[in-house]
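S.K.: Pasting a predicted model and its sequence here:
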Amino acid sequence: MTTHPAANLEANLRIPPSSNGVPILGRPQIPDTNPVAYFAEQSEQFPEGLFSVDLAGQENVFVYDPDLVTEFCDETRFGKPIFAPLSHVRDYTGAGLFTAGDDEEVWGMAHRILMPAFSQRAMKGYFGQMLEIAQNLVGKWERKEGEPVKITDDYTRLTLDTIAQSGFGYRFGSFEKEELHPFLNALLESLIESMRRTQELPEMTALRVEDGKRYHENIALMRDLVESVIKERREGEDGSADDLLGLMLEATDPETGKPLDDENVRDQVVTFLIAGHETTSGLLSFATYSLMRNPHVLAQAYAEVDRLLPGDTVPDYDTIMKMDVIPRVLEETLRLWAPIPQIIKAPMKDTVIGGKYELKAGTQTALLMGPLHTHPKAWDRPHEFDIDRWLPENRAQHHPHAYKPFGNGRRACIGRQFALTEARLALALVLQKFKFSDTTDYQMDVREALTRKPGDFELVVRRRQEHERAVFSVASLDSHEEQRQAQVSGVGVNLTVAYGSSLGSCEDLARTIADRGERSGFGTTLMSLDDLGEHLPTEGLLVVVAASYNGKAPDNAQRFDGLLAAGLPEDALSDVRFALLGAGNTQWVATYQAFPKRIEEGLLAAGATPVVERGIADAAGDFDGMASRWMDTLWATLAEEYAADTSEDSGPRYQVRLLSESDVRPAIVSEQAYPLTVVANEELVADATGLWDFGIEPPRPSAKSLTFELPDGVTYDTGNHLAVFAKNEPALVERALRRFGVDSDQVLRLDQPAGGRTHLPVGIPVTAGILLTEFLELQDVATRSQIQTLAEYTQCPWTQPQLRAYTADTEEAEERYREEILGKRVSVLGLLERFEAVELPLAVFLEMTGPIRPRFYSISSAPSANPRHVRLTVGLLEGPALSGDGQYRGTCSSYLAGLEPGDVVYGYVRVPSPAFAPPADPATPLILIGPGTGIAPLRGFLEERARQHADGTRVGLSQVFVGCRHPEHDYFYKQEMQDWERAGIAQIHTAFSAVTGHPARFVQNALAGAADTVWQAIQDGAYVYVCGDGRRMAPAVREALAAIHRQKTGGDDEAAQQWLAQLESDERYQQDVFA
């Protein structure tokens, strides 16, 4: 936009005015405390992206549309005049960098002199002082452990001490006493007075005589202190110290050859003491608040700190600069909570902006950071805290003028790098040392002076314990990265591997493919399908591994599914070749392969070309065998078409070296999860002796009600899942150790010469017991490819044919495998024990064995009862092994069964997909069907309804169908069910499978017996929820409901099935079932 002469302005529009003010006074209703926030609220009334306000007879314009801001950032048209409040701040900062006008020679001189003091090299020089002050903060918080600390106040002490010591060699010692240093008090009072003078007429200021006297006393105090520092420096031995003060005292302007006089040096020091601490302390305070409100981001930040700063590692500059998550946290904080709430500009001449709005020369114009940084024209989900906006590929797409936390152009903040380095270090150090608790449920209260900060922000701090840390080997990670980068250039073809996976199986397969491709020289990228939707490749290869869940996309592929529904851009993938492996379970006939089919259709429509036919891996059959055969076909095709060496490396991928105990520094926890402390572990099953004839049905194994305490900041909703990382039982681990002839306490270190991704602790000393307990799935069924590997490690003339009888390429071998291995759930370890002549090295066993996976349990509680506690209902999977080799005990259920209060496990809250949650309206009636442990999520539903009822909310009646063997044996939560029935929120229907003469043996029988009640509830809008066994119970319940429909309507089965399908479509019939 070019400047228009005043004569042409008549054809243009006036800037939309806010409501009329009072003559002379203008807008007296503007609040004293947060005036800029007031104007930001006003912006919501003006979609044009700007408005004007009469303030004391002067027109003030406020702008926030990114395209209009682009014009204001044109420094040939708009300058930075020194309006209030900076004109008042100038009373004590003089012609400092932030309060000198564009036309003042001293601004250019100081800017040129000081630029070297804020270079990257200079940051390294300041780092030692930054670290010392940050450690002072940590020391104070350690002394205050378990008590509330004033977060904003202490960050202010931190940043003031840092700029003072790093920039000027002066120690305020703010952490040595509770009271603030007199300089800081004087500074804060001066800033408040400056803002007050901005909002009143000079005549009113003159009437406040005592305030004026105090104001000048504060200015004198600040100047006296700074002048004494300058004098001491000039007279001392370090007069030429290489810091800000040294530069200002010794350097000359490279353009004019002039030095800065002492008065301006004083003004610059005061300027930096203000700007160098106010903005950074606000940034750190807002960042801490944002992390507390976004626990998933806090978990990422903790993981990064634990990886780069394990244990009590003292940070160095290079390590802080390697950080990725924390810098993105700071960037997103600056977007949503910019400490500088506005930037003041003014046109140099009469002009027109936006092609139609006239603006007179010199008009005070404020660029409002809040509305600009959340403008929907520039930001998707603008009010959501999303640090992924700042990934390099996303950052490149940002509107160039929609993010201005440090100002613009040559008048942008000169200390930006200093502030961000200091903030990175401080945040990393406090996260390394502490966890936080918000015991008062702090609600943001923004306080404005010259900058913005959270007011009265307090948190309780506690030192992090060793078991709460994720421990990594930094050296091994670095060397691994170097190896990986060195191998990428082999083929010159980019390979993108994307997965859609809720339970981890497809992600594991995708990692296997990515690892193989990487070792073969492809330029490999691994990501979720949701991430793929934002980063579609334009050339090369794309491999997708995805599953369906009731026909819907997995958790990390739902946005991508939405893109498919809308249609990928035409020909967007015309230069891409793809391969697709779809996982599913043929037991779910109606939805089998539904999502993979949609992916295939979408990729083809976007122009992609298939490399091989879509693969199918059936979880109800030889899943691994089907996946392995498809991958073999894929690699063979790629080897032929791209001349890539996709053959497996000869010899094991891992080398095992025995270490002595003195070499060990073990501490291995999963980076994917956070610690969960056991509060209670209660047995739900009573002794069945004498209750019934066990010839009818045997007693059920143990079942537990476990309560866990969530970490600070972690929340959950009714109906969520809890993922738990299990450990293998000691007896199982001992079997594996005995088979390989290794002691549990023997220390190993895994080296990986070929590089590539791995789930094992490469380069980290670890005991054999920990390795087999925490990292490997020892009870997974052996695949045919694994059995083939076992056959290759024996020369026994009897053993080898026995094993190859399962792996031969014949129907007889496949049938034998299905019956004797898959059908009887025989593991690799079981085969090794059965065939002692197999001489399998431990390194090969590690490569063959998959990573231990999280198990997902429906949460049995409601957060309204206790937001910090989650309850699980876990049935112990225990019984004679199908293989005939002793007893089988479920990996995770047996692990959980043995926990005691105070024990810590690792896990995370997960939202199931599709959602399984009560309707938003508590008045909606429910039909809850959950026999055995299927009652788990339904207990949470009922607990939530009970809380709502107790608070006076009207709740719909729940028809609850529970089933067990005997009411005195395994009727879970019996007392609670009876209490809720007496309270009138539930009607309980029981089924007892071992009680002769009871009207209902199974829940489907109980449904049939309550047909009138069930039908009426559904007619009244009830939602139906089914949880439990998906092979027998869920289909039987569905048939019982269909029978009720046929009975009540006289319709046929087709009509009944259509009715059920409509309930499902309306989300009024939901299932959380397992095979």
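M.R.: That came through, no problem. Every value quoted in this text rests on a predicted model; they were computed, and no experiment measured them.
S.K.: Now do stretch 306-324: distance to the chain's middle.
M.R.: Computed by C-alpha atoms, centre = their mean, to the nearest Å, the chain-centroid distance of stretch 306-324 equals 20 Å.
S.K.: Which segments of this structure make up each domain?
M.R.: With domains defined by automatic domain parsing, the chain comprises 1-93+341-404, 105-293+433-459, 474-642, 659-729+747-773+846-912, 914-1074.
S.K.: how about the strands of the stretch 101-250 of the chain, start to end?
M.R.: All strands of the stretch 101-250 of the chain, identified by DSSP state E, counting those that start in this stretch, fall at 148-150.
S.K.: For it, just list every one of the helices.
M.R.: Using DSSP state H, counting those that start in this stretch, the helices of the stretch 101-250 of the chain run over 105-114, 120-143, 151-168, 182-198, 202-207, 209-235, 244-250.
S.K.: repeat for the stretch 801-950 of the chain
M.R.: Using DSSP H, counting those that start in this stretch, helices in the stretch 801-950 of the chain cover 811-817, 828-834, 842-848, 891-897, 935-950.
S.K.: looking at these, which is buried most?
M.R.: Most buried of the helices of the stretch 801-950 of the chain by mean neighbour count (mean count of other C-beta atoms under 10 Å) is helix 935-950; its value is a mean of 23. Backbone N, C-alpha and C define where each C-beta goes, glycine included.
S.K.: Show the subsequent helix or strand relative to that one.
M.R.: Using DSSP states H and E, the next helix or strand after helix 935-950 towards the C-terminus is strand 958-964.
S.K.: From the contact counts, what lies against that next one?
M.R.: Counting contacts by 3 or more C-beta pairs under 8 Å, 6 or more residues apart in numbering; DSSP states H and E, strand 958-964 is packed against strand 926-929, helix 935-950, helix 974-982, strand 986-992, helix 1003-1009, helix 1011-1019.
S.K.: before we move on, the earlier item: and the helices of the stretch 101-250 of the chain: which comes nearest residue 946?
M.R.: When the helices of the stretch 101-250 of the chain are compared by C-beta to C-beta, helix 151-168 sits nearest residue 946, at 36.8 Å.
S.K.: Residue 531: neighbouring residues, count only.
M.R.: Neighbour count for residue 531, taken as other C-beta atoms under 10 Å: 20.
S.K.: Who are the contact partners of the closest residue to it other than its chain neighbours?
M.R.: Leaving aside its sequence neighbours, residue 531 sits nearest to residue 498 (C-beta to C-beta, 6 or more residues apart in numbering; 7.5 Å). Shown in contact with residue 498 (C-beta atoms under 8 Å, 6 or more residues apart in numbering): 510, 526, 527, 528, 529, 531, 532, 542, 543, 544, 545, 546.
S.K.: hmm, 10 Å instead?
M.R.: By C-beta atoms under 10 Å, 6 or more residues apart in numbering, the contact list for residue 498 reads 506, 510, 514, 525-533, 535-537, 542-546, 556-557, 560, 578, 580, 599.
S.K.: Now, the residues you listed that are in strands?
M.R.: The strands, defined by DSSP state E, take in 525, 526, 527, 528, 542, 543, 544, 545, 546, 578, 580 from the contacts of residue 498.
S.K.: Of those, just say which sits nearest to residue 759.
M.R.: Closest to residue 759 out of the ones in strands among the contacts of residue 498 is residue 526 (13.2 Å), distances taken as C-beta to C-beta.
S.K.: Quick check: the closest one vs residue 497, distance?
M.R.: Distance of residue 526 to residue 497, computed by C-beta to C-beta, to the nearest Å: 5 Å.
S.K.: that older thread, output the domains of the chain in CSV, with mean pLDDT and distance to residue 304 appended to each entry.
M.R.: CSV is the format used below for the domains of the chain (pLDDT from 0 to 100; distance: least, C-beta to C-beta, whole Å):
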stretch, mean pLDDT, distance to residue 304
domain 1-93+341-404, 82, 11
domain 105-293+433-459, 87, 12
domain 474-642, 81, 12
domain 659-729+747-773+846-912, 84, 9
domain 914-1074, 95, 30
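S.K.: which stretch among these comes nearest residue 807?
M.R.: Residue 807 lies closest to domain 474-642 among these, at 9.4 Å (C-beta to C-beta).
S.K.: count of residues packed around residue 454?
M.R.: Residues near residue 454, counting by other C-beta under 10 Å: 21.
S.K.: Report the spatially nearest residue to it, omitting neighbours in sequence.
M.R.: Leaving out its chain neighbours, the residue that sits closest to residue 454 by C-beta to C-beta, 6+ apart is residue 285, at 5.0 Å.
S.K.: What of residue 142?
M.R.: Spatial nearest neighbour of residue 142, excluding adjacent residues (C-beta to C-beta, 6+ apart): residue 463 at 6.6 Å.
S.K.: Equivalent analysis for residue 16, please.
M.R.: Of all residues not flanking residue 16 in the chain, residue 51 sits nearest, at 4.9 Å (C-beta to C-beta, 6+ apart).
S.K.: Past the helix or strand where the one you found lies, which element shows up next along the chain?
M.R.: Using DSSP H and E, residue 51 sits in strand 50-55. Beyond strand 50-55 in the direction of the C-terminus, DSSP H and E gives the next helix or strand as strand 58-63.
S.K.: Show me what that next one is packed against.
M.R.: Helices and strands touching strand 58-63, by 3 or more C-beta pairs under 10 Å, 6 or more residues apart in numbering; DSSP states H and E, are helix 35-43, strand 50-55, helix 66-72, strand 342-347, strand 357-359, strand 364-368, helix 369-373.
S.K.: Looking at the ones you listed, which is nearest to residue 221?
M.R.: helix 35-43 (26.7 Å).
S.K.: Go ahead and name everything in contact with the closest one.
M.R.: Residues contacting helix 35-43 (C-beta under 10 Å, 6+ apart): 18-19, 27, 29-31, 34, 49-51, 53, 55, 60, 62-65, 85, 195, 198-199, 340-342, 366, 368-372, 374-375, 446-448, 452.
S.K.: In TSV: the domains of the chain, plus distance to residue 782.
M.R.: What follows is the domains of the chain, written out as TSV (distance: least, C-beta to C-beta, whole Å):
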stretch	distance to residue 782
domain 1-93+341-404	40
domain 105-293+433-459	42
domain 474-642	9
domain 659-729+747-773+846-912	9
domain 914-1074	23
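S.K.: Quick one: closest of those to residue 781.
M.R.: With C-beta to C-beta, the closest approach to residue 781 among those belongs to domain 474-642: 7.9 Å.
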